[in-house]
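Engineer: Predicted coordinates and the sequence they were generated for:
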Amino acid sequence: MIAMLLGFGCLPTLSSQISGTIEDSSGNAIPNPEIRVYDYRGEELSQLSGNEEGQFEAELPPYSSIFFVVSAEGYEASSFAGFSGEGTFSVDDGTLWLRNASEIQTIRSDFSSCAIDEGVLVDGEVRLGLSNDITVDSPTITTASIATVDGEEDGFTACYLPTFDEETQEEIPSELTGDSGRFALFGLEPGVHTLGFSVIYENDRTEEYELIVFAPETGNVPLYPILIPLE
């Protein structure tokens, strides 16, 4: 399975308490954030508010797949996936964060060939999982393709940054993540979705991976990084 962005753990009791700070993309605390917690089916478990310093505390069911949807005035909502453990723990700074509308527009501009204004934006960067420490600057995976695999009749296929042909001086559309490892999906409906990652390795061997995400009513699902295990 693909490494999820949050990991909380220990071994069994009856509850799980989490604390953390909501930040912007530059690492500055955001005052008075709103946090909603959903289970793996997309059903809301709790709703709470952070304080002036962006700090919050929440009680979660232990040993459960969960989604945090974070919002604040002046920012777009963001959704993050994780797994609750048992006991008391804190989320590392920079784990739960928000973008403003200008940052979202920049991403749409990067993927202007297929960006649409409706629905939720899912974007991320695919890297090779060389270590359990996601702060390690792992190599990007250049040969990944991404699409929703929820059994939807009209599934969503990701967009990728174009490559540049130095000979013709033209941009060429790409069907893979390329050197940047980046991708974006536009227009997802709210709710739980499964993303399928197809990675081409040497000798044209292809491996498939899946990652479950939760799309909020509006906003984005930032996936930085997605770590694919070394095969």
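Structural biologist: Okay, I see it. All values derive from a computational prediction rather than experimental measurement.
Engineer: Mind splitting the protein into its structural domains?
Structural biologist: Using automatic domain parsing, the domains assigned to the chain come out as 16-98, 101-229.
Engineer: rank these by mean pLDDT and give me the bottom one.
Structural biologist: The minimum mean pLDDT among the domains of the chain belongs to domain 101-229 (a mean of 90).
Engineer: ok, now how distant is the nearest residue to Glu44 once chain neighbours are set aside from Ile141?
Structural biologist: Distances taken as CB to CB, 6 or more residues apart in numbering put Tyr38 closest to Glu44, at 5.5 Å, once the chain neighbours are dropped. The C-beta positions use only the backbone N, C-alpha and C, and glycine is treated the same way. Distance of Tyr38 to Ile141, given as CB to CB, to the nearest Å: 29 Å.
Engineer: swap in Ile66?
Structural biologist: From Ile66 to Ile141 the distance is 27 Å (CB to CB).
Engineer: One more: Pro62?
Structural biologist: Plainly put, Pro62 is 33 Å away from Ile141 if you go by CB to CB.
Engineer: more crowded one of the two?
Structural biologist: Neighbours were counted for Pro62 and for Ile141 using other CB atoms under 10 Å; Ile141 has more, 23 against 19.
Engineer: Once you drop chain neighbours, what's closest to the more buried one?
Structural biologist: The nearest residue in space to Ile141 (CB to CB, 6+ apart) is Val126, at 4.5 Å.
Engineer: What of Ala29?
Structural biologist: Nearest one to Ala29, counting by CB to CB, 6+ apart, is Gly54 at 3.6 Å.
Engineer: and the strand or helix carrying Ile212, how far out from the chain's middle?
Structural biologist: Here Ile212, judged by DSSP states H and E, is contained in strand 206-215. A distance of 11 Å separates the centroid of the chain from that of strand 206-215, by CA atoms, centre = their mean, to the nearest Å.
Engineer: Touching it from outside, list them.
Structural biologist: With contacts defined as CB atoms under 8 Å, 6 or more residues apart in numbering, strand 206-215 is touched by 1-2, 4, 38, 40, 42, 65, 67, 69, 79, 81, 119-120, 122, 149, 188-201, 221, 223, 226, 228-229, 231.
Engineer: now these: which count as buried?
Structural biologist: 2, 4, 38, 65, 67, 69, 79, 81, 120, 122, 149, 188, 190, 192-193, 195, 197, 199, 221, 223, 226, 228 (16 or more other CB atoms under 10 Å).
Engineer: Beyond the strand or helix carrying the residue nearest to Glu44, next helix or strand please.
Structural biologist: Per DSSP H and E: Tyr38 is located in strand 34-39. With elements assigned by DSSP H and E, the helix or strand that comes after strand 34-39 is strand 44-49.
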